[in-house]
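Student: Sequence plus predicted model, see below.
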Amino acid sequence: MEKVPAHAPEKSLKVNVPIRFGDTDPYGVVYFASYFRYCHHGIEELLRHVGCPPHQYFRNAERGFGLPIVGAACDFLRPVRYGDELSLYVSVLRLGNRSITFGFHFYGEDRSACVGRGQASMVAIDRAWRSCQLPEELRCGLEPYLTAAPVDR
């Protein structure tokens with residue numbers, strides 16, 4: 001098993017992120033909004049990994065359920081450029097009854113230093129856009145990636 005870099009949670013899923021030309025700004029550095037796309041990609045990969053296909057959870061009309069992002073933040077610690085490849089480590093920071101907060105740690109190719117970190121929170125909603133309980137299979141699937149004690153939300 002591959003060793004997780006320093007400062008990345010042990011309970012995380014690694015996702016490779018190649019940097020494409022369209023991800024960068026006029027200076028050739030990854031544009032800040034690209035990191036949020038990478039984070040969302042990481043959430044999708046983690047859900048797939050735990051047996052919860054994202055298309056069945058982000059918006060499921062039949063079930064009357066959705067899982068929108070309600071908050072996100074990212075810190076950019078070192079520049080990343082076109083042609084680089086990032087290693088993204090995705091974990092779960094909080095797992096409540098109605099919400100999830102994912103954590104993200106980005107590492108460059110040498111994995112010696114964290115180049116960025118962030119988090120994103122999602123809330124389960126029903127057809128009327130009111131918060132509702134997370135599906136049990138989703139909670140159970142994500143629990144092994146929880147880096148802190150569950151919270152009641």
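Tutor: Structure's in. What do you need?

Student: in this structure, what secondary structure element scores lowest on mean pLDDT?
Tutor: Lowest on mean pLDDT, DSSP states H and E among the helices and strands of the chain sits strand 59-60, with a mean of 93.

Student: Tell me the strands beside that strand, with direction?
Tutor: Strand pairing for strand 59-60, using DSSP bridges, gives strand 65-66 (antiparallel).

Student: Following element in sequence after the partner strand, please.
Tutor: The C-terminal neighbour of strand 65-66 among helices and strands, as given by DSSP states H and E, is strand 69-76.

Student: Can you mark which positions in that next one are buried?
Tutor: The neighbour-count check on strand 69-76 (16 or more other CB atoms under 10 Å) flags 69, 72, 74 as buried. Yep, even glycine has a C-beta here, placed from its N, CA and C like the rest.

Student: a markdown table for those, including pLDDT and distance to Asp84?
Tutor: As requested, the buried residues of strand 69-76 are exported to a markdown table (pLDDT from 0 to 100; distance: CB to CB, whole Å):
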| residue | pLDDT | distance to Asp84 |
| --- | --- | --- |
| Ile69 | 97 | 25 |
| Ala72 | 97 | 22 |
| Cys74 | 97 | 17 |
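
Student: Buried residues in the longest helix seen in the chain, which are they?
Tutor: As assigned by DSSP state H, the longest helix anywhere in the chain is helix 32-49. Neighbour-count burial for helix 32-49, counted by 16+ other CB under 10 Å, picks out 34-36, 38-40, 42-47.
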